[in-house]
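Enquirer: have a look at this prediction, sequence included:
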Amino acid sequence: MKQRVWDLPTRLFHWSLVLLVGLSWWTAETGRDALHLWFGYAVLFLILFRILWGFLGSSTARFSAFVRGPGAVVEYVRNRFRWPLAGHAPLGALSVIALLVLLSVQVGTGLFAVDEDGLFGGPFAHLVSVAASDNVTDLHEELFDWLLILIGLHVAAILVYRLALGRNLLGPMITGKADLPRGMEPMRPATPLVAIVCTVLALVATLWIVFGAPPFGS
Amino acid sequence: MMVAKSAYALCAIALLAGCKAQEPANQANAVTPSAETQNAASAAPLTKDQALALMKAREHHMEAFADATKTIGNALKAPSPDAAPIRQSAAKIAELAPKLESWFPAGTGPDVGKTRAKAEIWQKPEDFALKAHDFNQAAQTFNLAATSGDLSQINASFEALGKSCKACHDLYRAPKKD
């Protein structure tokens, strides 16, 4: 019987991020700087929401459910990729954490970045020197390659699970449901009210940053 | 490594801005190729070393434009912008802008060395000259505004200046590669 594994906010977060990372890449490559800024703000909102959701969301979305030490990873591998809990297994959790951290750094550096002609900049670019802004911008560009590597590993792992272990990880991230082994506890959902509160808080924080974090940003 | 990369980026910026400066500063309205540029084209072609030296200098000049626009952009974001850096950077741009076209003589394209200046610059010299001319006009207008100190004029003419940079870069500057 199919049981719930991923809630709707987590799935919306995931697929919006896929779309926005693609759009951010495209706008950067084609010099659409104004659009790139807006897509960056959208990613910022998603990240802030996901961090809040990691504390207040459904059981499988919480950091406390999947941030584990290296011992868990070793145990998981020894146990032939079997894990007794629904949600992120230890290896997948590493992928989630690495992607969230790197995306946060991407958004953070973007806030201080400036385009090569000095025509567009992040909302905090003017708070640091031109040279610092240029260096941060280079980092912002270089880190994207690392992001591509992480995304590649993430997708490759899903393929390996599918082809070598016969497990479908893609379906549950779309439908939110999976066949769980007997006795495995399914996701305990958070209430819609919590999702609304997290959304509003993330939105307010994003807008505050978009407007240069008044009154500190001037 | 990062520093080296930023140096690249800056150089690239410089290259791209690639608008030929065909007109001397004192003939701001003439959009015909200057005698200097034409002579350069018809006289003995540049040696490889000469061309590479010109291309390198071009990068530095374009980098100077970018540094100036970034300085101005940062200053303009303050609640009450500081006039001095805006004036200095505006003067720097206004001083270099009339020369820009002359930084793109024949034989300094991507077939000769590493540059983001596209071959189209030398295939459409009239259009390139026009873009360089527009840029110079915008640079002089902006410099006047900066000298006047009128903030609304400064903002409006800075935006126009940015558009004149972009108009040329969009057509004649290759994407950044590292």
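Expert: That came through, no problem.

Enquirer: flag every buried residue along the lengthiest helix in chain B.
Expert: Identified as the longest helix of chain B according to DSSP state H is helix B:48-76. Using 16 or more other Cβ atoms under 10 Å in any protein chain shown as the test for burial, helix B:48-76 gives B:51-52, B:54-56, B:58-59, B:61-76. From N, CA and C alone the C-beta is placed, and that goes for glycine too.

Enquirer: residues in contact with A:Arg4?
Expert: For A:Arg4, the contact set (Cβ atoms under 8 Å, 6 or more residues apart in numbering or on different chains) comprises A:176-177, A:186-187, A:189.

Enquirer: so which of those residues are in strands?
Expert: If you go by DSSP state E, those have A:Lys177 in strands.

Enquirer: out of the contacts of A:Arg4, which is nearest to B:Thr47?
Expert: Nearest to B:Thr47 among those is A:Gly176, at 68.3 Å by Cβ to Cβ.

Enquirer: what average pLDDT does stretch B:99-119 get?
Expert: The pLDDT scores in stretch B:99-119 average 95.

Enquirer: mind jotting down where the helices sit in chain A?
Expert: Using DSSP H, helices in chain A cover A:8-29, A:33-56, A:63-66, A:70-78, A:90-112, A:130-163, A:170-175, A:192-210.

Enquirer: isn't B:Gly113 up against B:Ala51?
Expert: Yes - contact criterion Cβ atoms under 8 Å: B:Gly113 and B:Ala51 qualify, at 6.7 Å.

Enquirer: returning to that earlier point: just flag the most distant two among the contacts of A:Arg4.
Expert: Longest span within the contacts of A:Arg4, Cβ to Cβ: A:Lys177 and A:Pro189, 12.2 Å.

Enquirer: about what we covered before: what's the closest of the helices of chain A to B:Leu151?
Expert: The closest of the helices of chain A to B:Leu151 is helix A:130-163. By Cβ to Cβ, the value is 20.9 Å.

Enquirer: which helix or strand in chain B has the lowest average pLDDT?
Expert: In chain B, no helix or strand scores lower on mean pLDDT, DSSP states H and E than helix B:2-16, which sits at a mean of 43.

Enquirer: picking up where we left off before, show me which of the buried residues of helix B:48-76 neighbour chain A.
Expert: For chain A, the contacts drawn from the buried residues of helix B:48-76 by Cβ under 8 Å from any Cβ of the partner chain are B:65-75.

Enquirer: and the helices of chain A as a markdown table, adding mean pLDDT and distance to B:Ala117?
Expert: A markdown table is the format used below for those (pLDDT from 0 to 100; distance: least, Cβ to Cβ, whole Å):
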| stretch | mean pLDDT | distance to B:Ala117 |
| --- | --- | --- |
| helix A:8-29 | 97 | 20 |
| helix A:33-56 | 96 | 21 |
| helix A:63-66 | 94 | 50 |
| helix A:70-78 | 92 | 51 |
| helix A:90-112 | 96 | 28 |
| helix A:130-163 | 95 | 21 |
| helix A:170-175 | 95 | 46 |
| helix A:192-210 | 97 | 36 |
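
Enquirer: reformat those helices as TSV; add mean neighbour count.
Expert: Supplementary listing: those in TSV, determined by neighbours: other Cβ atoms under 10 Å in any protein chain shown:
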stretch	mean neighbour count
helix A:8-29	16
helix A:33-56	19
helix A:63-66	16
helix A:70-78	12
helix A:90-112	18
helix A:130-163	16
helix A:170-175	15
helix A:192-210	15
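
Enquirer: for B:Asp170, give its distance to A:Leu94.
Expert: Distance of B:Asp170 to A:Leu94, computed by Cβ to Cβ, to the nearest Å: 42 Å.

Enquirer: what of B:Tyr172?
Expert: Going from B:Tyr172 to A:Leu94 by Cβ to Cβ gives 46 Å.
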